[in-house]
Each structure stands twice: as C-alpha cells, then as structure tokens.
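> here's a sequence, model it:
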Amino acid sequence: MAIIEKLRQLSIVGSIVVMPDFFVDRIIRLESKEKLFDALGEKAKMGGGSVRGISTTDVKGGNAVNVAYCLAKLGVKIALFTVADDIGATMISRAFSQFGDRATLRISSGKSGLTTAFEFPHGDTRVNVMVSDIGDNADFGPEKLSSEADRAILKNADGVMIVNWASNQKGTELAEFAFRNSPSAFHFIDPADVETRKQDFSDSLGKLAGLTDCLSINENECNSLADALGLGHLLGSSYTPEEVKSAAKKIAEKVGISTDLHSKAGAAWSNGKESTFVHAVRVDAKTLTGAGDSWDAADIIGYLAGLDPNERLLFANCCASLYVRDTQGEPPAMNKVFELVERVQ
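As a prediction, the model looks like this:
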C-alpha cells in the first residue's frame, strides 16, 4: 500500500499527547554573527545604545507546543500538557483555537519559558543558537497530571510524546508516569540538547528503555549521548549517510530503544540490528527554529499509520522540508505533505 493511502487510513481514537514545555520564542535573524559582535563592540565603546535594523520575531515556542501545533496542522487530535503564565496561556489558546475540539489544552499556571534564538550563516549552511530562561518548565513532574481528567486522557491516548527532557529536572519521572499510565499508546522521547546533562540522560534511558518505543535525536544529541554511552564522537562536522546510519544503529543497540536520528543530510532509523537511511529533501531554508519539532510530529504519525521505516523517514523529511522553506515558520497541512511525497518518492 502506498504511503499516502496508509496515512489516509490512519484513525486517531484518543489523541496524541505532547508534553511539557512552552517558551515564548524571540527569533533574531542575522546576516552574520560577526556583524552583530562588531556592532555590540562599537556600542560598548560609546557607553551603550541601540543596534537597529535587525529582523526580530516573537512567536509561541517550546518543543511540546511546536510538536502539538504541527500535529494539529497535520489533522490529528492532540492533547497538550504544559505550563505558562497568563500571557503565555493566551498565546497558546489563540494559536490552537483554529483546531476546535481537535486540540485539548491542559495548561498549568506558572512561569513561561523565554528563548532568544539567533539564526545566522555558518559555513555553507544556516544554524540557530538559542539562549533560554527555562522558567517552570524545569519543574514539570507527574504532579501536573494528577486529575482524573488528565489520567483519562493518558489512558485513551494513541501516542505520548515527552520532549525537551533536557530542560526538565523531573523529565525521567514524568516520562515514567506518563508511559505507565498510557499502556496502549506509542511512547516517544525527544530529549533536546542534553550536552550539560548527557550522563544523567544516558542513565535515565536505562530506566525508561522498557517503556519507550522510539528515541528521536538530532546529530548533536547523538554525539552527546554517544559520548555518555562510551561510544565516542560518532558524527563530525561533515558526515556521510553511512555514518548517520551507523550512528543510529550503535545508539539503538546500546540503549535498547529503536532510534530515529534526523540530520541535515537525512534521517536514519535502527532497532540495533537493522538500519536504514533516507536522504533529506533539499531546500533553501527560510526557518530553522522548530524544524526538528515538525520532523517529530510527522515521525510519530508515520509510526501510528504503520509506515515502514523508509516510508516514515521520507514522510518526516518531506514535512520538515516544507516547514523550513516557509518564511513564517508555519507547518504544512497534510495535503501539502502528500503533494511533496508524490514528487520525491
């Protein structure tokens, strides 16, 4: 059966649950980091002042909010558990209002996270470097899911996604609680940047391996985790598809969890024995912040639709490609992804 036909037959009975982080993202797009540093230096010599003419955009952010939004845009039912202050909660509610009863929002009261993301050229590509105040995302544990309604959402979930484990000091406890209370769901973890907590994350995977169906990481997270696992640095500044494929296999074999590794070159999957790679869809990237979130959203849909690894990686690559080429950072609707899949498969 073709990829598109399998996806059209997907039926979400409960919802895909996503948790826990929300950030207000300020995206600053630079012609070059050097120009900014030079301008800052000049203003410092003058005793301070304003650096004008820099493109700045404020948007809803956070891995959980972004993934949930991408999933809803792709047409599936979601339940988002997160924390925000009144202004943040209003931003979230406004963004998800277009989805009606397809989106369930469970927003705990607390301090929103704040991120400033700098996007600039580096070598032959563009990168984004983020500076964050984590807010109450750092303290999102099982106690945030204590009501009967919360537990009912988990019990009926088709998928549960724990993202940005790295920002949450209670991430392991949250994942264990959420996964144990959603016995019929597909369990998915994307830890985000674990460099400063890589050994802690490696140790946590030992506790979570039996409960987790998919570990989703990018090349930087791969290297951090590989280092903590004693595998060394698996991917250099330039790498081949075979190296990405091999890295996914080594990680999966070591942690005992099927691993999806998405990189600029393409994406790989491995269960520790088999491994496969699908090239990225080449595109002139206009938006970088949130690219991995759109990839994750498509990835879990692919799992729930029963796509084989090659089909699923292709579908996720197409979704991410459409996201990064959109100047407004708006994720695609499912029909747009179908059109691209038909062109590239």
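> direction included, what does the helix or strand of the chain with the lowest mean pLDDT pair up with?
When each helix and strand of the chain is scored by mean pLDDT, DSSP states H and E, strand 55-61 comes last, with a mean of 79. Strand 55-61 sits in its sheet next to strand 23-29 (antiparallel), going by DSSP bridges.
> mean confidence (pLDDT) on the strand it pairs with, please.
Taken as a whole, strand 23-29 carries a mean pLDDT of 85.
> off-centre distance for it?
Computed by CA atoms, centre = their mean, to the nearest Å, the separation of strand 23-29 from the middle of its chain amounts to 16 Å.
> could you do stretch 221-241 as well?
Centre-to-centre, stretch 221-241 and its host chain are 19 Å apart (CA atoms, centre = their mean).
> gap between the two ends of that stretch?
17 Å (CA to CA, to the nearest Å).
> what's it in contact with?
123, 191-195, 198-199, 201-202, 217, 219, 243-244, 246-248, 250-251, 254-255, 261, 263, 265-266, 268, 277, 279 (CB atoms under 8 Å, 6 or more residues apart in numbering). Every C-beta, even on glycine, is put in place using the N, C-alpha and C of the backbone.
> average pLDDT across it?
According to the model, stretch 221-241 has a mean pLDDT of 93.
> any buried residues in that stretch, and which?
Under the neighbour-count criterion of 16 or more other CB atoms under 10 Å, stretch 221-241 has 221-229, 231, 234-235, 239, 241 buried.
> which pair in those spans the largest distance?
A228 and P241 (24.4 Å; CB to CB).
> any chance of CSV for the buried residues of stretch 221-241, columns secondary structure?
Shown next, in CSV, are these (DSSP: H, G, I helix; E, B strand; the rest coil):
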residue, secondary structure
E221, helix
C222, helix
N223, helix
S224, helix
L225, helix
A226, helix
D227, helix
A228, helix
L229, coil
L231, coil
L234, coil
L235, coil
Y239, coil
P241, helix
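> burial count for the residue nearest to A138 when sequence neighbours are not counted?
Nearest residue to A138, sequence neighbours excluded (CB to CB, 6 or more residues apart in numbering): Q169, at 5.3 Å. By other CB atoms under 10 Å, 17 other residues sit near Q169.
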